[in-house]
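Participant: Quick one, fold the following:
(2 chains)
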Amino acid sequence: MQTFTNMLVLGAEGGLNLGDMIVQLVLFIVLLALLKKFAWGPFMNMMKEREDYISNEIDTAEKSREEAQRMQREASEELKKTRQDAQKIIEDARKTATQQEQSIIQSARTEADRMKENAKQEIVQEKEKAIQSLKDQVASMSVMIASKVIEKELSKEDQDHLIQQYISEAGEER
Amino acid sequence: MNHEAPMLENALGLEWLDFNLSNVLMMLIASVIVFIVAVAATRSLERRPKGFQNFMEWLIDFVKGIISSNMDWNVGRLFLPLGLTLFTYIFVSNMLGVVTIFAPHHVLWWKSPTSDPGITLTLAVMVVVLTNYYGVKMRGANEVGKDFMRPLPFLLPFKIIEEFSNTLTLGLRLYGNIYAGEILLGLLAGITSAGILGFLGGVIPMLAWQAFSTFVGFIQAFIFTMLTMVYMSHKVSSDH
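Facilitator: Predicted structure coming up:
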């Protein structure tokens, strides 16, 4: 064998030793099997697990994002509706208030008119009453004055005559 | 530089069975280092990775990238353990020879196992056999057989030669790079230990060459894994 290897001098320390080759082959296969079982296997499992975990997490995140978006949309719709309701309530209240105001003003005005009318009537009545009483007093006073004047200057006949004349005139005028 | 190899010839009385005990030792050391480091990294696996786990996951993603640049990941996931083991084992092996070379009494004990052509060729043969095995397993012997006559039947001899040349280049590329690096490192080490002048002259090239060897070790591990996956994809994917 040594002569054969010396023919193929490939290195200073010798050539192809079959023993080395067998040892290398066996060692490598054993190493491969051991590493596959104890090192690469666990590593690949861990990396696979992490991959699955991450993809799960991404799915979950996607789902919760959608959920959040949906809820936000709902909330904003709700808010919009509420705002519209509030607007409507305010509008109604304003309308009612305006109506009430109108009716209050109306009724106040009617009341005031009525009172004014009453007062006017009363004034007219009082005025007439005052005029009447004044007339009466003037009449009696003028009679008194006239009688005083006439007492002094007129005779009984003239007096009677005058009275008669007045009475007749008064009768004509009436 | 005339180191001898610690040979154990004609083991168990068999005339064809020779061991280079240094290779055996270094293969064991490299395997044990890879195994301990990889298993130590799995001790505290967490969903939220930190520290060492991050590094190992980067490594896994790196090899994953190599595989998925060559074939569909549904098929390729099967080869992830193979690619990872190849990459880490070859990288650690390459580094062993960069860290130090130890040759007591001119017997070379500590070196890269990958600086031996037998070992790299073993790995290469294993890879090519595996590619054919998986090709047959996934697509059937018929399809793989027909592949040898595509696109034209007269290419059959070239295709057969290609299988062997692939094996040879795959193995010898790795061996050549690492072996050359080691030779130069050994020479530089000889200079630096020769005296004060030799030390002053040799220390900077030594540092530079060690840095370069680290780079080469990484690149070669990457190329070996990459080519493994390229050959694998030729066999297991029908669309090539």
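Participant: Going by C-alpha atoms from here, please, whenever you check contacts or count neighbours.
Facilitator: Noted.
Participant: Give me the residue at the spatial middle of chain A.
Facilitator: For chain A, the residue nearest the mean C-alpha position is A:A86 (3.4 Å; CA atoms, centre = their mean).
Participant: give me the element that one is part of.
Facilitator: helix A:41-153 (DSSP states H and E).
Participant: where does chain B dip in pLDDT?
Facilitator: B:1-3, B:10-11, B:13, B:15, B:239-240 (pLDDT under 70).
Participant: what does it put close to chain A?
Facilitator: For chain B, the residues in contact with chain A (CA under 8 Å from any CA of the partner chain) are B:2-5, B:15-20, B:23-24, B:27-28, B:31, B:35, B:38-39, B:41-42, B:45-47, B:57, B:81-82, B:85, B:116-119, B:122-123, B:126.
Participant: just the buried members of those?
Facilitator: B:5, B:17-20, B:23-24, B:27-28, B:31, B:35, B:38-39, B:41-42, B:45, B:57, B:81-82, B:85, B:116-119, B:122-123 (16 or more other CA atoms under 10 Å in any protein chain shown).
Participant: now, which of these lie within helices?
Facilitator: Mapping those onto helices (DSSP state H) picks out B:23-24, B:27-28, B:31, B:35, B:38-39, B:41, B:57, B:81-82, B:85, B:117-119, B:122-123.
Participant: residue nearest the centroid of chain B?
Facilitator: Geometric middle of chain B (CA atoms, centre = their mean) lands on B:I90, at 3.5 Å.
Participant: Enumerate every residue touching the residue nearest to the centre of chain A.
Facilitator: Contacts here follow CA atoms under 8 Å, 6 or more residues apart in numbering or on different chains; on that basis A:A86 touches nothing.
Participant: Just give me the neighbour total for residue 140.
Facilitator: You didn't say which chain, so I picked chain A. A:S140: 12 surrounding residues under other CA atoms under 10 Å in any protein chain shown.
Participant: that's the other chain; I wanted chain B
Facilitator: For B:G140, the count of nearby residues is 13 (other CA under 10 Å).
Participant: what's the host helix or strand of it packed up against?
Facilitator: Here B:G140 sits within helix B:117-147, counting by DSSP H and E. With contacts defined as 3 or more CA pairs under 8 Å, 6 or more residues apart in numbering or on different chains; DSSP states H and E, the packing partners of helix B:117-147 are helix A:18-35, helix B:156-192, helix B:196-236.
Participant: 10 Å instead?
Facilitator: Here helix B:117-147 touches helix A:18-35, helix B:21-41, helix B:80-99, helix B:156-192, helix B:196-236, going by 3 or more CA pairs under 10 Å, 6 or more residues apart in numbering or on different chains; DSSP states H and E.
Participant: if you compare those helices, which one is most tucked away?
Facilitator: helix B:80-99 (a mean of 24; mean count of other CA atoms under 10 Å in any protein chain shown).
Participant: now it against helix B:196-236, angle please.
Facilitator: Interaxial angle of helix B:80-99 relative to helix B:196-236 (axes from the mean of the first three to the mean of the last three CA atoms, to 10 degrees): 170 degrees.
Participant: B:R150 and chain A, how far apart?
Facilitator: Note on B:R150: its distance to chain A, by CA to the nearest CA, to the nearest Å, is 32 Å.
Participant: ah, wrong one, I meant B:L130
Facilitator: B:L130 is 12 Å from chain A, by CA to the nearest CA.
Participant: Can you give me the neighbour number for that residue?
Facilitator: 16.
Participant: same question, B:M7
Facilitator: 17.
Participant: What of the one 5 residues further on?
Facilitator: B:L12 is flanked by 9 other residues according to other CA under 10 Å.
Participant: residues contacting it?
Facilitator: B:D18 (CA atoms under 10 Å, 6 or more residues apart in numbering or on different chains).
Participant: Any idea which helix or strand in chain A has the lowest mean pLDDT?
Facilitator: Least confident element among the helices and strands of chain A, by mean pLDDT, DSSP states H and E: helix A:2-7 (a mean of 43).
Participant: which stretches of chain A have low pLDDT?
Facilitator: Under the criterion pLDDT under 70, the flagged ranges of chain A are A:1-15, A:150-151, A:153-154, A:171-174.
Participant: sorry, back to before: so for A:E117, which of the helices and strands packed on helix B:117-147 sits nearest?
Facilitator: Minimum separation from A:E117 across those (CA to CA) falls at helix B:21-41, 112.3 Å.
Participant: Which strands and helices lie in contact with that closest one?
Facilitator: helix A:18-35, helix A:41-153, strand B:7-8, helix B:52-68, helix B:80-99, helix B:117-147.
Participant: Apply 8 Å and report the result again.
Facilitator: Packing contacts for helix B:21-41, counted by 3+ CA pairs under 8 Å, 6+ apart, involve helix A:18-35, strand B:7-8, helix B:52-68, helix B:80-99.
Participant: Identify the residues contacting stretch B:162-182?
Facilitator: With CA under 8 Å, 6+ apart as the contact definition, stretch B:162-182 has outside contacts at B:94, B:97-98, B:111-112, B:114-117, B:120-125, B:128, B:209, B:213, B:216-217, B:220-221, B:224, B:227.
Participant: Compare the helices and strands packed on helix B:117-147 and give me the one nearest A:E62.
Facilitator: Comparing these by CA to CA, helix B:80-99 comes nearest, at 32.6 Å.
Participant: contacting residues around the closest one?
Facilitator: Here helix B:80-99 has contacts from A:31-32, A:35-36, A:40, B:26-27, B:30-31, B:33-34, B:59-60, B:63-64, B:67, B:110-115, B:178, B:182, B:185, B:210, B:213-214, B:217-218, B:220-222, B:224-225, B:228-229, using CA under 8 Å, 6+ apart.
Participant: what's the distance between that helix and the middle of its chain?
Facilitator: Taking the mean of its C-alpha atoms, helix B:80-99 sits 6 Å from the chain's own mean (CA atoms, centre = their mean, to the nearest Å).
Participant: And stretch A:115-125, by the same measure?
Facilitator: 49 Å.
Participant: Then stretch B:45-60?
Facilitator: Remark: stretch B:45-60 is offset 24 Å from the chain centroid, using CA atoms, centre = their mean.
Participant: and if you look at stretch B:138-148?
Facilitator: For stretch B:138-148, the distance to the chain centre is 28 Å (CA atoms, centre = their mean).
Participant: Just the residues contacting it, thanks.
Facilitator: For stretch B:138-148, contacts defined as CA under 8 Å, 6+ apart pick out B:132, B:135-136, B:155-156, B:159-160, B:235-236.
Participant: so can I have JSON lines of those residues showing distance to B:V203?
Facilitator: Output for these, formatted as JSON lines (distance: CA to CA, whole Å):
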{"residue": "B:N132", "distance to B:V203": "47"}
{"residue": "B:G135", "distance to B:V203": "50"}
{"residue": "B:V136", "distance to B:V203": "53"}
{"residue": "B:L155", "distance to B:V203": "53"}
{"residue": "B:L156", "distance to B:V203": "53"}
{"residue": "B:K159", "distance to B:V203": "48"}
{"residue": "B:I160", "distance to B:V203": "48"}
{"residue": "B:K235", "distance to B:V203": "48"}
{"residue": "B:V236", "distance to B:V203": "49"}
